[in-house]
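1. Build me a model from this:
(4 chains)
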Protein chains: 2
Amino acid sequence: MKHTIAIVDDHSLFADGLERILQEHKNFEIVAKCTSAEDFEVTLNHKIPQLVLLDIRMKGQNGLDFCKAVKQKFPSIKVIIISMFEASEVIEKVRLAGADGYLHKSTDAELMRSTILDVLNGHQVFLMAAEVKEYPEKNALSKREREILGLIKKGMSTQDISKTLFISQYTVDTHKRNMMNKLGVNSQRELIVYAFENMI
Amino acid sequence: MKHTIAIVDDHSLFADGLERILQEHKNFEIVAKCTSAEDFEVTLNHKIPQLVLLDIRMKGQNGLDFCKAVKQKFPSIKVIIISMFEASEVIEKVRLAGADGYLHKSTDAELMRSTILDVLNGHQVFLMAAEVKEYPEKNALSKREREILGLIKKGMSTQDISKTLFISQYTVDTHKRNMMNKLGVNSQRELIVYAFENMI
DNA sequence: AAAAAAATACCGAAAACTTGGTATTTTTAA
DNA sequence: TTAAAAATACCAAGTTTTCGGTATTTTTTT
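-> Residues are numbered from 1 along each chain as shown, chains lettered A, B, ... in the order given. You can find the predicted model right below:
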């Protein structure tokens, strides 16, 4: 019996390619190819795939939030997140979102197929790109620091952040300083740049 | 006779997909699939494809710079840039880099094939995503403004920029203010965010 | 050749950020 | 159950940005 798979990615070209890669394998059947989370929700009303390949960054909705929502409503659907992010921190987020697997866009076709089969067999598979450089432990950002970096990435000022998190500006300031030290940058500007290049 | 095509993209999964999409067409032959600009340069030493599909954003080298280099050494090679950027400003950069075509990752397989054929026939085809919203003319950034925004995106301070461009800090400040007015943002922070979300 | 747009430059005051400190409380790990 | 790590908070001085202006020169367009 064929495994039913859905692809959710707003880049049709990428989705089209994935479809063809999977079609080469007789055990896979692509039952839906959606370009948005909304699209996929509609699909779910009449067809429940066994597994969904989900792009982490789509316009409109964040893939991780959507993953959570899907897993809550349909715990039986296996979800594999696909993204171009290489930071190891991403894995944790993917796990927390309830995904069963993670694939980097630099993995190849064969590895993707074997990962899908593993996940369908009930395993959890989180694959990073081969060349991921782990940060030395002492430079790892704490949870709160990452949270603040996420707000910085949205363009928020120190004041904005302090109001959002209900903490003092001084505290935000301290967190920023600690992050700058850990990451080896010298300004909030570079912190924003770092965030865009390393976060979801 | 088959058309020889090379694919240069550091996301193997995407490249694998493109390959399969193109293989369905009997007139195309994928002669190389490279995951970096360096890889492709090596390939060019022994095999010259008629056309190359080039990802605009690759780690290491910028796709546009690489496009220029390829076109300079091998003017006969047709280059189609593929990216996920939707801003109309990108098209101009792609043109200036000497590319023969532009495809957004949200275009579908069929459109890609027809674009490739058009380009091979000597036409220039620059396709944007359907839902691109053009900026009102009065808000278009000038050349210099875009140049400065590019430096801002690298995390440079006003002072850094003034030194890089050999102009006064006051001038950089004025450019920044004008951009902020045009783009409707209120701080350098948001300017950086805008840059990351809208520039190459 | 005249008008419009772009690029250049300056001043000053207010706001925001950076940096070198210090220090308490809460949470997590050994 | 301690010790370590994380999160919290404050002060002061110095630096950088922001924003209110204004204004000249260069380039482009009409």
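2. Could you pull up the contacting residues of the residue nearest to the spatial centre of chain A?
-> In chain A, the centroid-proximal residue (Cα atoms, centre = their mean) is residue A:56; its distance is 4.0 Å. Contact analysis of residue A:56 by Cβ atoms under 8 Å, 6 or more residues apart in numbering or on different chains lists A:62-64, A:81-83, A:85, A:90, A:94, A:200. From N, CA and C alone the C-beta is placed, and that goes for glycine too.
3. PyMOL command for the buried members of these?
-> Those of the contacts of residue A:56 that count as buried under 16 or more other Cβ atoms under 10 Å in any protein chain shown are selected in PyMOL with:
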select buried, chain A and resi 63+64+81+82+83+85+90+94+200
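4. pLDDT-wise, what's the bottom of the contacts of residue A:56?
-> Minimum pLDDT across the contacts of residue A:56 is recorded for residue A:200, with 70.
5. which ones are touching that residue?
-> Contacts for residue A:200 (Cβ under 8 Å, 6+ apart) come out as A:56-57, A:62, A:64, A:83, A:85, A:90, A:93.
6. what's the spacing between the residue nearest to the centre of chain A and DNA strand C?
-> According to Cβ to the nearest atom of the strand, to the nearest Å, residue A:56 and DNA strand C sit 25 Å apart.
7. ok, now residue A:99?
-> Distance from residue A:99 to DNA strand C, counting by Cβ to the nearest atom of the strand: 22 Å.
8. Wait, a helix at that residue?
-> No: with DSSP: H, G, I helix; E, B strand; the rest coil as the criterion, residue A:99 is coil rather than part of a helix.
9. mind checking pLDDT for it?
-> Here the pLDDT value assigned to residue A:99 is 92.
10. Now do the phi/psi pair for residue A:77.
-> Phi and psi for residue A:77, reported as degrees, to the nearest 10, are phi -80, psi 130.
11. Do I have it right that it meets residue A:70?
-> Yes: if you go by Cβ atoms under 8 Å, residue A:77 and residue A:70 touch, sitting 6.2 Å apart.
12. More neighbours: which of the two?
-> residue A:70 (23 against 18; other Cβ atoms under 10 Å in any protein chain shown).
13. for the more buried one, phi and psi?
-> With angles defined as degrees, to the nearest 10, residue A:70 sits at phi -60, psi -50.
14. That one contacts residue A:80, correct?
-> No: using Cβ under 8 Å, residue A:70 makes no contact with residue A:80, being 11.8 Å away.
15. Need the residues touching each of those two.
-> Counting by Cβ under 8 Å, 6+ apart, the shared contacts of residue A:70 and residue A:80 are A:52, A:54.
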